[in-house]
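Undergrad: could you look at this predicted model? Sequence included:
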Amino acid sequence: MLSTNKMTGDDVKYVSSVAQKIIDETTYYSAEARSTECAKFSVENLQKILDNDQAILLTAKDGDDIVGFCYGFFDCGTFWADWIGVLAEYRGKGVAMNLMKELGELLTFTNAHKIWCDTRCANTESNNLLKKNGFEQVAQLKNHWYGQDYYIWEKFLK
């Protein structure tokens, strides 16, 4: 049975492992991007995120197994959704959609007026997920982070 919850201290090492697996398998990222992004999800960094009241990290579980995650943080009245990742074998089963729904519900109880994020232009799955969740593409950044092309997305909450 799939569930979504806020990350707990007991989840840290499992989220780290799952996040790094997902990022390592991301073919549209350069090697440099994969290395840098994986470092964000070290056990030490995840513990800092857990202790940061300006961040949200959600887990998606199938029973006791973590199969996906969503991470972001508050920034000047907005919420930056930095990562949504789902293990390959769980994609297309509504896991990312459930994570987005849970995030949206949590954000209704905050002062954030907007959620925003980026995707690689080549990441059609994430682009479609954001469209289905009411996000609008507001910009395209060519040759940007890691020398790659990105879309910027936003969704107003209030």
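TA: That came through fine. Numbering: from 1, shown residues only.
Undergrad: contacts for the longest strand anywhere in the chain, please.
TA: Using DSSP state E, we find that the single longest strand of the chain is strand 65-75. If you take C-beta atoms under 8 Å, 6 or more residues apart in numbering as the criterion, strand 65-75 is touched by 2, 7, 11, 14-15, 18-19, 22, 49, 52, 54-61, 79-87, 89-90, 95-96, 99-100, 102-103, 110, 112, 115, 117. Glycine gets a C-beta too; all of them are placed from N, C-alpha and C.
Undergrad: quick one, which of the residues you listed are buried?
TA: The neighbour count (16 or more other C-beta atoms under 10 Å) marks 7, 11, 14-15, 18-19, 22, 49, 55-61, 79-87, 90, 95-96, 99-100, 102-103, 112, 115, 117 as buried among these.
Undergrad: what mean pLDDT does stretch 91-103 have?
TA: What stretch 91-103 shows for mean pLDDT is 96.
Undergrad: buried residues, the longest strand of the chain. List them.
TA: Going by neighbour count (16+ other C-beta under 10 Å), the buried part of strand 65-75 is 66-74.
Undergrad: between those residues, which is closest to residue 139?
TA: Nearest to residue 139 among the buried residues of strand 65-75: residue 72, at 18.3 Å, using C-beta to C-beta.
Undergrad: contacts only, for the closest residue to that closest one other than its chain neighbours.
TA: Leaving aside its chain neighbours, residue 72 sits nearest to residue 81 (4.1 Å; criterion: C-beta to C-beta, 6 or more residues apart in numbering). Contacts of residue 81 were listed using C-beta under 8 Å, 6+ apart, and they are 70-72, 103, 115-117.
Undergrad: what helix or strand is residue 81 located in?
TA: Using DSSP states H and E, residue 81 falls within strand 78-86.
Undergrad: circling back to that earlier point, the longest strand of the chain - which strands sit beside it in the sheet, and in what orientation?
TA: Note on strand 65-75: by DSSP bridges, its sheet partners are strand 55-62 (antiparallel), strand 78-86 (antiparallel).
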